[in-house]
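**Q** sequence below, structure please.
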Amino acid sequence: MQTPEVEPDLKPLPDPRALTLLDAILPQVAFDGWSDGAFVAAVDECGLPIVQARSVCPRGATDLAILFHTQGDAAMVAALSSSDLSDMRFRDKVSLAVQLRLDAVTDKEAVRRGSALFGLPHMVPDGSKLIWGTADAIWTALGDTSDDINWYTKRATLSAVYGSVVLYWLGDDTDDGQATSDFIDRRIENVMQFESFKAAVNKNPLLKPLAGAIAQLTSRVKAPSAPPDDLPGSWRTPR
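**A** Now for the predicted structure:
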């Protein structure tokens, strides 16, 4: 029997025209990257007026690169929701989610080119937001209900793990990808060791005063009421 604990996070569907453009641009990305030239070629192939295409994707190929990533997140959540997690340790659930996210990639070269794009100084906020969004999607799909500082630390830690996994995976040329799977397990184990260390510190009677002071300071930190607007890389105009 499948566990009911994982439910897909329902979000508005992307514009069908953007999905059409995404399919058209992927063959171009391998040669031209997520560039304006690749975007124009995709627009021509789809037969869309350029003005209409720009209205759908104001930043051109960048918007399609972002859509490519978020579509991968959605595919991962869907795959996770249909997986039987009932007999798995939590660390194994996280490892599976990260592996499923890699498996959702339909074009590895597009990810490689995307890493180059979002590694540019002016694109780093967008790249950080995407990685954070992946970590948030994983924790949310696995049923995370934290509403305090742990909401942030969980996602920050997993963001670092996922970022390093992607870089390792891009350089993994083994046929079965076992090296990447082993790397994922090692990184998740490191995270769990850190969590165990934090728990041990909190239980240490000699450190209780310090732990209490830290807890008091962090007790006011709450999870954002609207996560999509509070992700790294976002900017909300003050009212």
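
**Q** please, which helix or strand holds I184?
**A** Element membership of I184, judged by DSSP states H and E, is helix 178-203.

**Q** does anything pack onto the strand or helix carrying V40? Which helices or strands?
**A** If you go by DSSP H and E, V40 is part of helix 36-46. Counting contacts by 3 or more C-beta pairs under 8 Å, 6 or more residues apart in numbering; DSSP states H and E, helix 36-46 packs against helix 16-32, helix 50-56, helix 61-81. Yep, even glycine has a C-beta here, placed from its N, CA and C like the rest.

**Q** go again using 7 Å as the cut-off
**A** helix 16-32, helix 61-81 (3 or more C-beta pairs under 7 Å, 6 or more residues apart in numbering; DSSP states H and E).

**Q** out of the ones you listed, deepest packed?
**A** Ranked by mean neighbour count, the helices and strands packed on helix 36-46 are led by helix 61-81 with a mean of 21 (mean count of other C-beta atoms under 10 Å).

**Q** and the next helix or strand after that one, what's buried?
**A** Beyond helix 61-81 in the direction of the C-terminus, DSSP H and E gives the next helix or strand as helix 90-103. Within helix 90-103, the residues scored as buried using 16 or more other C-beta atoms under 10 Å are K93, V94, S95, L96, A97, V98, Q99, L100, R101, L102.

**Q** residues in contact with the third one?
**A** Which is S95. I184, D185, I188 (C-beta atoms under 7 Å, 6 or more residues apart in numbering).

**Q** tell me the buried residues within those residues.
**A** For the contacts of S95, buried by 16+ other C-beta under 10 Å: I184, I188.

**Q** if I look at the residue nearest to the spatial centre of the chain, how far off is A75?
**A** Nearest residue to the geometric centre of the chain (C-alpha atoms, centre = their mean): T134, 1.6 Å. Distance, T134 to A75, by C-beta to C-beta, to the nearest Å: 12 Å.

**Q** ok, how many other residues are close to the spatially closest residue to W169 that is not a sequence neighbour?
**A** By the measure of C-beta to C-beta, 6 or more residues apart in numbering, the closest residue to W169 outside its immediate chain neighbours is T180, 4.7 Å from it. Per other C-beta atoms under 10 Å, the neighbour tally for T180 reads 20.

**Q** what do you get for V166?
**A** 20.

**Q** quick one: residues contacting it.
**A** V166 touches V111, counting by C-beta under 7 Å, 6+ apart.

**Q** mind telling me what element it is part of?
**A** Using DSSP H and E, V166 sits in helix 149-170.

**Q** could you list the buried residues of that helix?
**A** Applying 16+ other C-beta under 10 Å to helix 149-170 flags 149, 151-155, 157-159, 161-163, 165-166, 168-169 as buried.

**Q** nearest to L48, of the residues you listed?
**A** The closest of these to L48 turns out to be V166 (C-beta to C-beta; 31.1 Å).

**Q** so what pLDDT did the closest one get?
**A** Per-residue pLDDT puts V166 at 97.

**Q** 4 is where my numbering starts, stick with that
**A** Will do, 4 is the new start, and the previous item becomes V169.

**Q** on the three-state scheme, the residue nearest to F121 when sequence neighbours are not counted is what?
**A** The shortest distance from F121 to any non-neighbouring residue, by C-beta to C-beta, 6+ apart, is to G130 (2.9 Å). Taking DSSP: H, G, I helix; E, B strand; the rest coil as the rule, one finds G130 in the helix state.
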